[in-house]
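after the sequence you'll find the predicted model.
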Amino acid sequence: MANDETVPGKDDGVAQNGYEVSHSKSSVFYSVYERKADLEQQTHYCPGCGHGIAHKLIAEAIEDLGLQDRTILVSPVGCSVFAYYYFDVGNVQVAHGRAPAAATAIKRTCPDKIVISYQGDGDLAAIGTAEIIHAANRGEKITIFFLNNAIYGMTGGQMAPTTLLGQKSTTSPWGRRPANEGFPLHMSELLSTLEGPVYVERVALCDNKNIMKARRAVRKALENQRDGSGFSFVEILSPCPTIWGKDPVEARRWVYEKLVPVFPVNVFRDRKPEPLGNNAPPQRLVSDLLEIGAHDDTSAELPSHPHHFRDYTIKIAGFGGQGVLLLGQLLAEMGMREGLEVSWLPSYGPEMRSGSAHCHVCLAKDRIGSPLVSHPDVLIAMNEISLRKFAHQVEPGGLILYNRDRLPADFVLPQARVISIPAAEMADQLGSTKVANIVMLGALLEETECLLPTTAMRVLEAKIKRVDLLELDRLALSAGRTFIDSQVRVGAVSQPDGFAY
Ligand SMILES: Cc1ncc(C[n+]2csc(CCOP(=O)(O)OP(=O)(O)O)c2C)c(N)n1
Ligand code: SF4
């Protein structure tokens with residue numbers, strides 16, 4: 001196409017930039033490569049690299065099969081780590097080798113999506129050996145595209161499990177020797193010994209005829225998943241001119257002459273899936289499974305959640321031993337009892353006591369996207385270190401509950417409201433410093449009304465068997481609530497729902 005013609009839609013930029021367009025790009029690709037402003041019409045791959053060809057085959061197949069809106073691509077670590085800059089689909093980039101595990105989780109939670117794992121040979125056959133074998137063995141209904149270029153490309157040419165005997169690499173400088181480095185690993189053959197996979201094929205990007213075969217294999221692997229069939233694996237022998245030290249034409253020839261004899265192109269498995277039964281998780285609420293459901297006997301009279309409720313993200317931080325993690329668990333369990341979606345994510349050092357610890361809690365009416373809380377609505381800081389560390393992460397207009405009677409003199413106030421509560425002293429006066437976390441819980445409930453105090457007592461009753469300790473917790477909860485009513489909401493009057501206005 002002449003470069004002065006206007007190419008509609010996705011190719012506008014190409015024509016305007018003076019490129020001569022000989023054929024158009026799949027609409028599954030973004031129109032520009034955003035990572036580098038000066039190279040936005042080029043990929044980051046080296047000239048002649050097989051990744052670009054594989055990307056094109058996959059994008060065209062997704063487009064032609066009408067799967068773009070349903071596809072989630074799991075990118076690896078390796079030269080193709082930036083696959084998400086090219087494919088205009090759902091994208092997740094995961095740690096080295098973990099793509100089949102992440103793809104499993106995504107497919108099982110979103111069975112209607114088309115989940116693709118795209119991996120190099122270092123990623124899939126070295127660090128990720130366990131993940132790929134077990135995903136294949138489970139017959140996960142995912143599609144794997146495995147780029148075998150017989151080397152670690154991204155890191156500069158270390159030996160891969162697929163490196164050929166005699167092939168030199170930076171870590172096998174005298175050439176791979178069986179006695180020292182073992183034999184090349186044949187992943188397609190290996191996986192096709194398992195019961196799980198329904199489709200395993202090896203193809204090669206060495207000439208047009210073989211690229212067309214690869215095109216068919218890519219399509220078939222995606223069609224399998226579209227049709228609800230099981231684990232599909234396409235190994236793609238791929239040129240890496242840069243690390244092999246060859247020009248693109250020579251590198252393609254090298255695929256044909258050197259790789260194919262060792263890794264023969266073949267269909268190793270193509271069959272209808274054996275009925276493996278249903279791997280969908282049981283459709284029961286976690287709270288029911290744990291027998292703490294909102295509808296069990298003990299909580300039958302509770303509302304699904306208080307009428308003042310809005311979604312909350314909470315970070316609780318302090319020293320190990322201050323009940324920081326337990327407080328988060330209590331909140332999560334209370335949320336479950338009130339029929340909310342909840343998550344609890346702990347983070348702590350190796351020390352059981354006195355090391356720092358914090359946890360993230362989400363309470364929501366709808367499904368929670370991530371349990372990680374980077375900017376909480378509420379911070380409960382059980383010590384000064386935590387206050388200083390996390391206070392400025394709190395959302396503007398959020399709330400900080402600080403376990404002290406006053407803030408440090410040099411503390412710069414964030415845009416959040418801060419309430420200082422001498423929870424440790426109050427707990428001490430009740431009989432044990434250990435219940436300072438429950439004092440904080442009482443204060444949190446009274447101040448935010450995020451959950452009902454009666455629910456807190458139900459959870460505590462279910463967890464604490466010793467009557468004296470339970471009584472201590474009841475007093476601590478009440479003390480925290482009274483502190484807010486008497487010191488913060490002066491003049492508030494108790495209401496039937498247990499809160500004071
Ligand atoms: C846990 C971890 N270990 C090692 C690395 C370093 N690393 C990055 S890419 C790579 C190898 C990539 O090779 P391959 O999967 O064959 O992909 P290619 O670059 O050849 O496409 C390694 C070892 C890393 N990023 N993370
Ligand atoms: S180093 Fe090899 S695999 Fe990586 S982009 Fe370059 S040619 Fe491709």
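Nice, thanks for sending it over. Residues are numbered from 1 along each chain as shown. Ligands and ions are numbered 1, 2, ... in the order given.

quick one: low-confidence residue ranges for the stretch 251-400 of the chain.
For the stretch 251-400 of the chain, the stretches with pLDDT under 70 are 273-283, 285-287, 291-309, 350-354.

quick one: the strands in it?
Counting by DSSP state E, counting those that start in this stretch, one finds strands in the stretch 251-400 of the chain at the ranges 266-270, 312-319, 341-348, 356-364, 378-381, 399-402.

what's the span of stretch 112-126 from first residue to last?
30 Å (Cα to Cα, to the nearest Å).

give me the below-cutoff pLDDT ranges for the stretch 401-501 of the chain.
Using pLDDT under 70, the flagged stretches of the stretch 401-501 of the chain are 489-501.

deepest of the strands of the stretch 251-400 of the chain, which one?
strand 378-381 (a mean of 28; mean count of other Cβ atoms under 10 Å). Yep, even glycine has a C-beta here, placed from its N, CA and C like the rest.

show me what that strand is packed against.
Where contact means 3 or more Cβ pairs under 8 Å, 6 or more residues apart in numbering; DSSP states H and E, strand 378-381 is packed against strand 312-319, helix 384-390, strand 399-402, helix 436-448.

which parts of the stretch 151-300 of the chain sit against ligand 2?
Contacts of the stretch 151-300 of the chain with ligand 2, taken as Cβ under 6 Å from any ligand atom, map to G153, M154, C240, P241, T242, I243.

need phi/psi at the second one.
With angles defined as degrees, to the nearest 10, M154 shows backbone torsions of phi -60, psi -40.

please apply the same query to the fourth one.
Per-residue torsions, P241: phi -60, psi -40 (degrees, to the nearest 10).

any idea how many residues pack against the closest residue to it other than its chain neighbours?
Residue nearest to P241 in three dimensions, not counting chain neighbours: A251, with 3.8 Å by Cβ to Cβ, 6 or more residues apart in numbering. If you count neighbours by other Cβ atoms under 10 Å, A251 ends up with 25.

next one: I151
Residues near I151, counting by other Cβ under 10 Å: 26.

assign it to helix, strand or coil.
coil (DSSP: H, G, I helix; E, B strand; the rest coil).

surely it meets Q158?
Yes: judged on Cβ atoms under 8 Å, I151 makes contact with Q158 at a distance of 7.4 Å.

hmm, back to that, got a markdown table for the helices and strands packed on strand 378-381, with distance to ligand 1 too?
Formatted as a markdown table, the helices and strands packed on strand 378-381 follow (distance: least, Cβ to the nearest ligand atom, whole Å):
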| stretch | distance to ligand 1 |
| --- | --- |
| strand 312-319 | 28 |
| helix 384-390 | 27 |
| strand 399-402 | 37 |
| helix 436-448 | 37 |
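
what residues does this protein put near ligand 1?
Counting by Cβ under 6 Å from any ligand atom, the chain sits next to ligand 1 at 77-80, 96, 120-123, 127, 147, 149, 151-155, 160.

just to revisit the earlier point, out of the helices and strands packed on strand 378-381, which is closest to S370?
Between S370 and the helices and strands packed on strand 378-381, the tightest spacing by Cβ to Cβ is seen for strand 312-319, at 10.0 Å.

do a quick rundown of the helices in the stretch 401-501 of the chain.
Secondary structure of the stretch 401-501 of the chain (DSSP state H, counting those that start in this stretch): helices located at 423-430, 436-448, 453-463, 467-483.

may I see these organised as CSV, with mean neighbour count added?
Output for these, formatted as CSV (neighbours: other Cβ atoms under 10 Å):
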stretch, mean neighbour count
helix 423-430, 20
helix 436-448, 27
helix 453-463, 19
helix 467-483, 19
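
in JSON lines, list these along with distance to P408.
As requested, the helices of the stretch 401-501 of the chain are exported to JSON lines (distance: least, Cβ to Cβ, whole Å):
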{"stretch": "helix 423-430", "distance to P408": "15"}
{"stretch": "helix 436-448", "distance to P408": "18"}
{"stretch": "helix 453-463", "distance to P408": "30"}
{"stretch": "helix 467-483", "distance to P408": "20"}
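
tell me which of these sits nearest to ligand 2.
helix 436-448 (51.5 Å; Cβ to the nearest ligand atom).

contacting residues around stretch 168-183?
Residues outside stretch 168-183 that contact it (Cβ atoms under 8 Å, 6 or more residues apart in numbering): 151-152, 156-160, 163-167, 184.

could you export those as JSON lines, including pLDDT?
Output for the contacts of stretch 168-183, formatted as JSON lines (pLDDT from 0 to 100):
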{"residue": "I151", "pLDDT": "98"}
{"residue": "Y152", "pLDDT": "97"}
{"residue": "G156", "pLDDT": "93"}
{"residue": "G157", "pLDDT": "95"}
{"residue": "Q158", "pLDDT": "97"}
{"residue": "M159", "pLDDT": "98"}
{"residue": "A160", "pLDDT": "98"}
{"residue": "T163", "pLDDT": "98"}
{"residue": "L164", "pLDDT": "98"}
{"residue": "L165", "pLDDT": "98"}
{"residue": "G166", "pLDDT": "97"}
{"residue": "Q167", "pLDDT": "98"}
{"residue": "P184", "pLDDT": "98"}
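
which pair in these spans the largest distance?
Taking Cβ to Cβ, no two of those sit farther apart than G156 and L165, at 21.2 Å.

those two: who's more crowded?
L165 (14 against 11).

can you pull the phi/psi pair for that one?
phi -60, psi 130.

same question for the one 4 residues further on.
Summarising the backbone geometry of S169 under the convention degrees, to the nearest 10, its torsions are phi -150, psi 170.

around it, count how many other residues there are.
By other Cβ under 10 Å, neighbour count at S169 equals 20.

for I127, same thing?
16.

same check, this time on K209
Neighbour tally, K209, other Cβ under 10 Å: 9.

what kind of secondary structure is it in?
helix.

tell me how far it lies from R215.
11 Å (Cβ to Cβ, to the nearest Å).

ok, now A99?
For A99, the distance to R215 - Cβ to Cβ - is 22 Å.

any idea what sits nearest the residue in the stretch 151-300 of the chain positioned nearest to ligand 1, other than its immediate chain neighbours?
Closest contact between the stretch 151-300 of the chain and ligand 1, by Cβ to the nearest ligand atom, is at G153 (2.9 Å). Residue nearest to G153 in three dimensions, not counting chain neighbours: C79, with 4.4 Å by Cβ to Cβ, 6+ apart.
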